[in-house]
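Q: The following block contains a protein sequence and its predicted model.
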Amino acid sequence: MSLTKTNNSDGILFYLLVLTGFFVLLQISFFIQCNNAYLDDFTFVTEHLHLPMSLLPGLFFFIGVQLCLHLLFSFFIWGMAVPIANLFQLHDDKRLKLAIVMWAWGIVTILLANQTYFPNSKFAELTLFILRNVFVTKLLLIIGVIGVVSAIGLVCAMAIRCMPKTLLLGLISVPSFLWLFFSNHQPIIAYDAATKDKPNIIIIGVDSLRPDFLSFFGGSSQTPFMDGFLEQATVFSEAVTPLARTFPSWVSILSGAYPSKLSARYNLAPPEKINLTQTLPAILQKQGYETLFATDETRFSNIDKNFGFDQVSSAPMGLNDFLVGTFNDFPISNLLVNTRLGKWLFPYSYANRPVYFTYDPNSFLKQAELLIPVNRNKPLFLAIHFCLPHTPYVWAGLRANSYTAQERYEKSIVRVDQQLRDFFAILKQRGLLEHTLVVLLSDHGEALEFAGDRLTEKELYIDKNLPVPKFYPPGLDEEGVNQSAGHGTDVLGLTQYHALLAFKLYGVEKSVPSVQSGVVSLVDVKPTLLQFLGLDRAYPAAIGSESLAPRIRGERRGVSVLRHVFIESDYSPASIRTVYPETRKVLLEGVQLFKIDPATLRLTVKDNMGQMMIHSRQYADIYDDWMLALYPQNRTQRTAILINLVSGQWTTDLHSPFAQHSPASYMLEALKSFYGPEID
């Protein structure tokens, strides 16, 4: 059969489907090439994780969506090409050529859009070899879009011309009527049940935010919104987190207890082992509050309704977040991820911070806005966590390869400042800033291998006759003794533990904006809020925590002058002790730690691995102007490091005159008493 005879409309569709099939195969081939190392390790991972069959529906849904999108693209080109070919009365061979040209035009336009809007996509790296000039890429994209829009416009004009007038009138009148109805509809008035005595409570967390990057604290980053908030708030300039990892830190914030007292010692801790009956949301739920939580990261921090929340807004938790979310990097789907349709088609990618190559900060704001009710017959407790400044410090709008890790981190701080500004605009619009107590904090800081990110300056080591000890395993990079990287890896890397903490009262009580010095902990958040609500007698502060309400009110009584503030590290394999962590190395070093719940597909740390992680951790006590840290050398030995936080002098000899004239022995006893057999 000759080509000319078979090139009717059905024949054109057939060839378009074949071309699209080849395009799909090319994408899969490129995908495998880019992820060859991951696929080689897949057998290793499955042997240790024992993947359950229940993850297959999510995978099949993802594959089915990808195939359907490519099929729809073929039908779309066919639906454009055939009417245009009929309009110009083209012969069969030219009709096919027109369809192929339009198909190629569409594919190139999609690839250009992917490169422009998702520069960290693997396919953007591919097209970048051909088009390195950003201006040229955008110019070609504009030309491509104009061509596509022109084709659509031409087909629509032809359809309108051929359409009966009565049908055309109906198609125009129905949308017009709907628009008039909704535009004239009275807007919903925001009603808030909160009062001065029973205010809304809003805790806003920013992941990995170290305070010294904010302009308010003298940093170079332009953060006008956070600066303005802090200028009108009570700021605790020396706040620390008890454990610089997101899940343990948030458990401490919500429970008011140290991680060691709740068995929340690491990310993905087994939830059944954590006592969640006295969390802040659980208490406020009993007091008649509506309790909400929103976050854009759930891979390693599984905070759910068990904490006392009525509703939780986040990406689905579990193994498919790792698999589908990470591997959903195809040009057509990338362009849809951040749309309303993409929210339904790609739940593991939409508003999901770990899927950094398609993450749009505005998507998470839209997700959070849907969570907040307009009219409330209960006061609201809202906790929300923004994860934009988390490693790798990139998102859809920032090209990773153009900046160093430190530069990317600073840009992420600037961008999250804008994100917070937009979130507060939502709060104001919803009438949530009338009678409200707002807490702005970071779950932990971040070490970026700057000089001084570790407290141990070589020149200030007082034992001059001894070499500087190597008591902390260095990261993958060439670190000096005064450098560290990441968070939760090193207790003497105090920038990892230094957290933002500020309280601002809207129509609740009078408070004088101030900057409060002195070390406090994130475990103080819960007792502080309960005291403002008059619930502190019914729910006393846990061991090691205290209310900061007297200091916020400007009172001096009831404030302890000296206190022990404890911090500890988490399991820190070499793969994460760097500002350039490789996902594959992190996966391989951590895969033996986890097990999968076949019902929920959630990952949790195995019990025996949890004990191993605890045996490997470091501990520290901050007391007055001193810090005493204990670093494990083996299962029975620990090296003690004593630092004067004012002078910076330090030693590993607790029998030296320097140590004898310090509270070191008192601090050591406090550590032993607090952590018990772990330090014995």
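A: Now that the structure is in, tell me what you want to look at.
Q: Residue 95 against residue 15, yeah?
A: No. Between residue 95 and residue 15 there is no contact under C-beta atoms under 8 Å: 10.5 Å. The C-beta positions use only the backbone N, C-alpha and C, and glycine is treated the same way.
Q: neighbour-wise, which of those two wins?
A: The residue with more neighbours, out of residue 95 and residue 15, is residue 95; 22 against 17, by other C-beta atoms under 10 Å.
Q: tell me the secondary structure for the more buried one?
A: Secondary structure state of residue 95, per DSSP: H, G, I helix; E, B strand; the rest coil, is helix.
Q: contacting residues for it?
A: 7, 12, 81-82, 85 (C-beta atoms under 8 Å, 6 or more residues apart in numbering).
Q: repeat that for 6 Å
A: residue 85 (C-beta atoms under 6 Å, 6 or more residues apart in numbering).
Q: Please tell me how far it sits from residue 444.
A: 62 Å (C-beta to C-beta, to the nearest Å).
Q: Next: residue 85.
A: 61 Å.
Q: ditto for residue 127
A: Counting by C-beta to C-beta, the gap from residue 127 to residue 444 is 37 Å.
Q: Mind checking which of these two has more residues around it?
A: Shown here are residue 127 and residue 444; by other C-beta under 10 Å, residue 444 has more neighbours (29 against 18).
Q: residue contacts, the more buried one?
A: By C-beta under 6 Å, 6+ apart, residue 444 lies in contact with 241, 244, 249, 487, 499.
Q: Tell me which two in these are the farthest apart.
A: 487 and 499 (10.4 Å; C-beta to C-beta).
Q: Quick check on these two: which one has the bigger neighbour count.
A: More neighbours surround residue 487 than the other of residue 487 and residue 499, with 30 against 27 (other C-beta under 10 Å).
Q: so who does that one touch?
A: So residue 487 contacts 244, 444, 446, 496 (C-beta under 6 Å, 6+ apart).
Q: now do 10 Å
A: Residues near residue 487 by C-beta atoms under 10 Å, 6 or more residues apart in numbering: 207-208, 210, 241, 243-246, 249, 390-391, 443-447, 493, 495-497, 569-570, 572, 576.
Q: What is the lowest-pLDDT residue among the contacts of residue 444?
A: Minimum pLDDT for the contacts of residue 444 is recorded at residue 487 (92).
Q: Can you check the pLDDT for residue 354?
A: 92.
Q: State the helix or strand in which it lies.
A: Here residue 354 is covered by no helix or strand, with elements defined by DSSP states H and E.
Q: Skipping adjacent residues, who's closest to residue 317 in space?
A: Among residues not flanking residue 317 along the chain, residue 298 sits closest, at 4.6 Å (C-beta to C-beta, 6 or more residues apart in numbering).
Q: and if you look at residue 308?
A: residue 282 (3.0 Å).
Q: and the gap between that neighbour and residue 275?
A: In terms of C-beta to C-beta, residue 282 sits 10 Å off from residue 275.
Q: joint contacts of these two?
A: residue 255.
Q: re the thing from before, ok, the residue nearest to residue 317 - how many residues close by?
A: Neighbours of residue 298 (other C-beta under 10 Å): 25.
Q: Who are the contact partners of it?
A: Applying C-beta under 10 Å, 6+ apart to residue 298 gives the contacts 246-247, 304, 312, 314-318, 321, 325, 352-354, 385, 387, 602.
Q: Could you list which of the contacts of residue 487 belong to strands?
A: Among those, the members falling in strands (DSSP state E) are residue 447.
Q: among the contacts of residue 487, which ones are buried?
A: By neighbour count, with 16 or more other C-beta atoms under 10 Å, the contacts of residue 487 hold 207-208, 210, 241, 243-246, 249, 390-391, 443-447, 493, 495-497, 569-570, 572, 576 as buried.
Q: Pull the number of nearby residues for residue 431.
A: Neighbour count of residue 431, defined by other C-beta under 10 Å: 18.
Q: Regarding it, what is its secondary structure?
A: coil.
Q: Which segments of the chain make up each domain?
A: 3-184, 574-678 (automatic domain parsing).
Q: With mean pLDDT as extra columns, can I get those domains in CSV?
A: Putting the domains of the chain into CSV (pLDDT from 0 to 100) gives the following:
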stretch, mean pLDDT
domain 3-184, 81
domain 574-678, 84
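Q: what separates the nearest residue to residue 232 once chain neighbours are set aside from residue 438, distance-wise?
A: Take residue 232 and drop its neighbours on the chain: the residue closest to it by C-beta to C-beta, 6+ apart is residue 513, 5.2 Å away. Distance check for residue 513 against residue 438: by C-beta to C-beta, it reads 13 Å.
Q: same question, residue 489
A: Distance from residue 489 to residue 438, by C-beta to C-beta: 31 Å.
Q: now the helices: where do they sit in the stretch 551-680 of the chain?
A: In the stretch 551-680 of the chain, helices defined by DSSP state H, counting those that start in this stretch lie at 583-590, 607-615, 657-660, 664-675, listed in chain order.
Q: Straight-line length of stretch 121-141, end to end?
A: End-to-end distance for stretch 121-141: 17 Å, by C-alpha to C-alpha, to the nearest Å.
Q: which stretch among the domains of the chain comes nearest residue 374?
A: Comparing those by C-beta to C-beta, domain 3-184 comes nearest, at 15.8 Å.
Q: quick one: the closest one to chain centroid distance?
A: Relative to its chain's centre, domain 3-184 lies at 30 Å (C-alpha atoms, centre = their mean, to the nearest Å).
Q: For the residue nearest the centre of the chain, list the residues it contacts.
A: When C-alpha atoms, centre = their mean is applied to the chain, the residue found nearest the centroid is residue 387 (2.8 Å). Residue 387 is in contact with 205-208, 246, 295-299, 301, 352-354, 356, 359, 364, 412, 416, 443, counting by C-beta under 10 Å, 6+ apart.
Q: Filter these down to just the buried residues.
A: 205-208, 246, 295-299, 301, 352-354, 356, 359, 364, 412, 416, 443.
Q: so residue 521 makes contact with residue 259?
A: No. Checked against C-beta atoms under 10 Å, the pair residue 521 and residue 259 is beyond contact range at 11.3 Å.
Q: where do the contact lists of these two overlap?
A: Residues touching both residue 521 and residue 259 by C-beta under 10 Å, 6+ apart: 241-242, 252, 566-567.
Q: name the helices or strands packed onto the longest helix seen in the chain?
A: Using DSSP state H, we find that the single longest helix of the chain is helix 56-87. The elements that helix 56-87 packs onto, with contact taken as 3 or more C-beta pairs under 10 Å, 6 or more residues apart in numbering; DSSP states H and E, are helix 9-34, helix 92-117, helix 134-162, helix 319-327, helix 331-336, helix 340-345.
Q: before we move on, the earlier item: quickly name whichever of the shared contacts of residue 521 and residue 259 is closest to residue 420.
A: Closest to residue 420, out of all of the shared contacts of residue 521 and residue 259 and judged by C-beta to C-beta, is residue 241, at 19.3 Å.
Q: mind listing what the closest one touches?
A: With C-beta under 10 Å, 6+ apart, residue 241 has these contacts: 248-250, 252-253, 259, 441-445, 487-488, 496-499, 501, 521-523, 567.
Q: same deal with residue 608?
A: residue 593.
Q: How much space separates it from residue 130?
A: 51 Å.
Q: Check residue 677 too.
A: Distance, residue 677 to residue 130, by C-beta to C-beta: 62 Å.
Q: Same check on residue 535?
A: Distance from residue 535 to residue 130, by C-beta to C-beta: 63 Å.
Q: picking that back up, just the buried ones among the shared contacts of residue 521 and residue 259, please.
A: 241-242, 252, 566-567.
Q: could the residues you listed be laid out in CSV, adding distance to residue 332?
A: Below are those laid out as CSV (distance: C-beta to C-beta, whole Å):
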residue, distance to residue 332
241, 41
242, 45
252, 43
566, 51
567, 47
